[in-house]
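S.K.: sequence and predicted structure are below.
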Amino acid sequence: GTLACLAALEAIKLITGFNQPLLSQLLTIDFTRMDFAKRRSYRDRECPVCGNNAPWRYSQSQPLETTSNYKF
């Protein structure tokens, strides 16, 4: 239940633009102490996947346009 609520909250933040979503961050949860911590991921500049010369970067992404064929 807790993880599903957190995932739904992140989706709502992305859709509505309200507050900052956890982009490029990792949320760790210690359920024994109910401790939440945000951690930034490390990006290796020389990495072929996430580095400076990577063919795809998040900052270069474009919005995804979708259409529906559903008839109301």
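M.R.: The structure has been received and is ready for your questions.
S.K.: how about the residue nearest the centre of the chain, secondary structure?
M.R.: Nearest to the geometric centre of the chain sits Leu23, at 4.1 Å (Cα atoms, centre = their mean). Following DSSP: H, G, I helix; E, B strand; the rest coil, the label given to Leu23 is coil.
S.K.: Glu10 versus that one, what's the distance?
M.R.: 9 Å (Cβ to Cβ, to the nearest Å). No exception for glycine: its C-beta is placed from N, CA and C like everyone else's.
S.K.: could you do Glu65 as well?
M.R.: From Glu65 to Glu10 the distance is 22 Å (Cβ to Cβ).
S.K.: for Ala37, same thing?
M.R.: 16 Å.
S.K.: can you check Lys38 too?
M.R.: For Lys38 relative to Glu10 (Cβ to Cβ), the value is 12 Å.
S.K.: quick one: buried residues of stretch 42-58?
M.R.: Cys50 (16 or more other Cβ atoms under 10 Å).
S.K.: give me the mean pLDDT for that stretch.
M.R.: The average pLDDT within stretch 42-58 is 74.
S.K.: any idea how far it is from the chain center?
M.R.: Taking the mean of its C-alpha atoms, stretch 42-58 sits 17 Å from the chain's own mean (Cα atoms, centre = their mean, to the nearest Å).
S.K.: may I have that stretch exported as PDB, CA atoms only?
M.R.: Taking C-alpha atoms only, stretch 42-58 is exported to PDB below (Å, rounded to 0.1, in the frame of the first residue of the first chain):
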ATOM      1  CA  TYR A  42      25.800   9.600  -9.500                       C
ATOM      2  CA  ARG A  43      26.300  10.100 -13.200                       C
ATOM      3  CA  ASP A  44      29.700   9.100 -14.600                       C
ATOM      4  CA  ARG A  45      30.600  11.600 -17.300                       C
ATOM      5  CA  GLU A  46      32.400   9.000 -19.300                       C
ATOM      6  CA  CYS A  47      29.600   6.400 -19.200                       C
ATOM      7  CA  PRO A  48      28.300   5.500 -22.700                       C
ATOM      8  CA  VAL A  49      24.700   5.300 -21.400                       C
ATOM      9  CA  CYS A  50      24.400   8.300 -19.000                       C
ATOM     10  CA  GLY A  51      27.500  10.300 -19.700                       C
ATOM     11  CA  ASN A  52      28.000  13.600 -21.400                       C
ATOM     12  CA  ASN A  53      28.200  12.000 -24.900                       C
ATOM     13  CA  ALA A  54      25.300   9.600 -24.400                       C
ATOM     14  CA  PRO A  55      23.000   9.500 -27.500                       C
ATOM     15  CA  TRP A  56      20.000  10.100 -25.300                       C
ATOM     16  CA  ARG A  57      19.700  12.400 -22.300                       C
ATOM     17  CA  TYR A  58      16.700  13.300 -20.200                       C
END
